[in-house]
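*Asks:* sharing a sequence plus its predicted fold:
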Amino acid sequence: MLVAPWLVMSALVALLLLVHASAKRARAEWVVKPAAALTFIVTCAVFGDLSSTYGKVVFAGLCLAAIGDVLLIPKGEKTFLAGLVSFLLGHVAYGVAFVVRGIALGPFVGGLVVVALVGVPIVRWLWPHVKKPMRGPVVAYVIVITSMVALAAGATGNDGATGPLLGASMFYVSDLSVARDNFVKRELRNRLWGLPLYFFAQMVIAWTTRR
């Protein structure tokens, strides 16, 4: 039974990749992508401890991520910005959840240094491709996701559970595919590795709430 959510999500993600590979994907994506996002929300609701503050805040983050998923389906600048804001708020929710879970200071600081060192060249890589109105939101997003991953490292260091850091790191890396697809070059290979990594990241984070 515990394997079922992962199998369902894997099947939907595989179908989503087929949809993206198709020349006529618009209508199908509106069905398949929200369905794939629903798997990590339902997993958290069914298997997670939503009576705890940690579970509630993670659930809110998952819902914000799912909203961001839907907002990224249309290929417009306004909906992309709205999606960016939704994901940013999702990262804030995850960061708050990790604080609630408990943070070890050493791993948090170490994680912050490592992710910041990675983030600087990423921003430098993206900068020439990002239009001026989007530069502020992009920098804010990088700062927030960097903080979220560092807090995940602190949470993992605090109780030894690898889920927070694993899920947060996968989410961070998957966002590189989104950045490349939207700012550098839109092509299928960005989604072929980015989408599976993203959905599995959300499922891992959802799984950290289990009873």
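*Replies:* Cool, got the structure. Numbering: from 1, shown residues only.

*Asks:* my read: Leu105 touches Ala155, true?
*Replies:* No - counting by CB atoms under 8 Å, Leu105 does not reach Ala155; the two are 11.7 Å apart. C-betas here are computed from N, CA, C, even on glycine.

*Asks:* and the two? which has more neighbours close in?
*Replies:* The residue with more neighbours, out of Leu105 and Ala155, is Ala155; 30 against 10, by other CB atoms under 10 Å.

*Asks:* just say helix, strand or coil for the more buried one.
*Replies:* When classified by DSSP: H, G, I helix; E, B strand; the rest coil, Ala155 comes out as helix.

*Asks:* just the pLDDT at Arg211, thanks.
*Replies:* Each residue has a pLDDT score; the one for Arg211 is 79.

*Asks:* quick one, what contacts the residue positioned nearest the centre of the chain?
*Replies:* Relative to the mean C-alpha position of the chain, the nearest C-alpha, by CA atoms, centre = their mean, is the one of Phe171, at 4.1 Å. Listed by CB atoms under 8 Å, 6 or more residues apart in numbering, the contact set of Phe171 reads His91, Ile145, Met148, Val149, Tyr198, Ala201, Gln202, Ile205.

*Asks:* between the residues you listed, which sits nearest Lys132?
*Replies:* Nearest to Lys132 among those, counting by CB to CB, is Ile145 at 21.2 Å.

*Asks:* what helices and strands are in contact with the one helix or strand that closest one maps to?
*Replies:* Following DSSP states H and E, the helix or strand that holds Ile145 is helix 132-159. Counting contacts by 3 or more CB pairs under 8 Å, 6 or more residues apart in numbering; DSSP states H and E, the secondary-structure elements packed against helix 132-159 are helix 77-101, helix 105-126, helix 163-179.

*Asks:* Leu2: which of these is closest?
*Replies:* Proximity to Leu2 (CB to CB) singles out helix 163-179 among those, at 14.1 Å.

*Asks:* what's the angle from that closest one to helix 77-101?
*Replies:* Interaxial angle, helix 163-179 versus helix 77-101 (axes from the mean of the first three to the mean of the last three CA atoms, to 10 degrees): 170 degrees.
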